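Enquirer: from the sequence below, what's the structure:
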Amino acid sequence: MKQVKLWGVALAAALTVLGASAQTKEEVGLKMKEAGELINNKKLVEAIPVVEEVIKMGQAVGADAVDITSEAQKLLPKLYLQKGVESVRAQKLDEAIAAFEKAENLADLQGDVMTTRQAGRFVSNIYMSIGITSFNAKDYTKALESFQKGLKQDPENIQLAYFTAKSYAEMGQLEQAMELYKQVIAAGTENSKYAKQATDAKADMDNYMLVAASEAAQAGDIEKVQTYVAAVPENADANLLLIQTANNLKKYDVVVAKGADAYAAQTDDTKKSDVAFLIGVAYQNKGNNAKAAEWLRKVTAGSNVAAAKELLTSVTAA
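Expert: Purely as a prediction, here's the structure:
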């Protein structure tokens, strides 16, 4: 008898489910109407769980409610997008990121390219804002982490690329910084709307490389000096530093090899003369008096004029 009773209970439950399913499509429609009323009253965030319930109910019904289910699925990403916007306004950034990422994922499933991109850009901008706050507080590790997350979300964001590069540079990770700075500069060359970022990137590169080259020069590491100067080949001060360092270390081959480029990079007559003098000294020490004389004659300004004339007399008399 117990076995018969158990089968009876199971049969009754099955009949109950079947009876409910026969009315489910209508219930799905009513639930969707409820969501619509919330949306019409601008209660978009409150509509999210109702729309999610519509989808759940519609999927349970199947083909009969597919039109309602599809409508709800297309609507849901936009509601999460709005939730993200409201969270930003309330300065609840973690909630905003979660909402935008939900919107992005749902929109991607629906093939909604516009909403997917919009949500992704919202996320990247939040990470950029967080990163800027950390950077200004000199917490470069946290800033870099935020900027990297934002750049991953929106790889074409040139402003984010610039901030990421600057964070790398502040942390001494110059190779990574230079790679991104060059991307920013290239973007400015291709599109004038990125001209400011490109100008800032060029100035940063010059500054960070010059500082690094100066530190390497103080340590007597001529190879590192050359590496850093090569990253900013048009920087006058960096090129002058290279020639001065090589001369101090008696690396006359380096002076001779890099001298002409360093001379061409100078825009000040005195500094041009300083470079020319050191090149002349290098050639004289290498025993090439003709080339030494050629460069010493270019010394026309600055504190080395007298010394250049004296050395010129010596090499031409030899």
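
Enquirer: got a list of what residue 29 touches?
Expert: 65, 68 (Cβ atoms under 8 Å, 6 or more residues apart in numbering). Every residue, glycine included, has its C-beta placed from N, CA and C.

Enquirer: sorry, slip of the keys, the one I care about is residue 278.
Expert: Residue 278 sits next to 243, 244, 247, 255, 259 when contact means Cβ under 8 Å, 6+ apart.

Enquirer: turn these into JSON lines, columns for pLDDT and distance to residue 62.
Expert: Output for these, formatted as JSON lines (pLDDT from 0 to 100; distance: Cβ to Cβ, whole Å):
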{"residue": "243", "pLDDT": "97", "distance to residue 62": "79"}
{"residue": "244", "pLDDT": "97", "distance to residue 62": "80"}
{"residue": "247", "pLDDT": "97", "distance to residue 62": "84"}
{"residue": "255", "pLDDT": "97", "distance to residue 62": "82"}
{"residue": "259", "pLDDT": "97", "distance to residue 62": "81"}
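
Enquirer: quickly check those residues for the two that are furthest apart.
Expert: Within the contacts of residue 278, 244 and 259 form the most distant pair, 11.3 Å apart (Cβ to Cβ).

Enquirer: have a look at these two and say which one is more surrounded.
Expert: residue 259 (25 against 17; other Cβ atoms under 10 Å).

Enquirer: if we ignore the residues flanking it in sequence, what's nearest the more buried one?
Expert: Excluding the flanking residues, the one nearest residue 259 by Cβ to Cβ, 6 or more residues apart in numbering is residue 279, at 3.9 Å.

Enquirer: that neighbour and residue 254, how far apart?
Expert: In this view, residue 279 and residue 254 are 11 Å apart by Cβ to Cβ, to the nearest Å.

Enquirer: before we move on, what about residue 101?
Expert: 53 Å.

Enquirer: again with residue 276
Expert: 16 Å.

Enquirer: please say which of those two ends up with more neighbours.
Expert: Neighbour comparison, residue 276 and residue 254: the larger count goes to residue 276, with 27 against 20 (by other Cβ under 10 Å).

Enquirer: what residues are up against the more buried one?
Expert: So residue 276 contacts 263, 295, 296, 298, 299, 308 (Cβ under 8 Å, 6+ apart).

Enquirer: mind doing that once more with 7 Å?
Expert: 263, 295, 298, 299 (Cβ atoms under 7 Å, 6 or more residues apart in numbering).

Enquirer: so what's it closest to, chain neighbours aside?
Expert: Residue 276 sits nearest to residue 298 (Cβ to Cβ, 6+ apart), 3.8 Å away.
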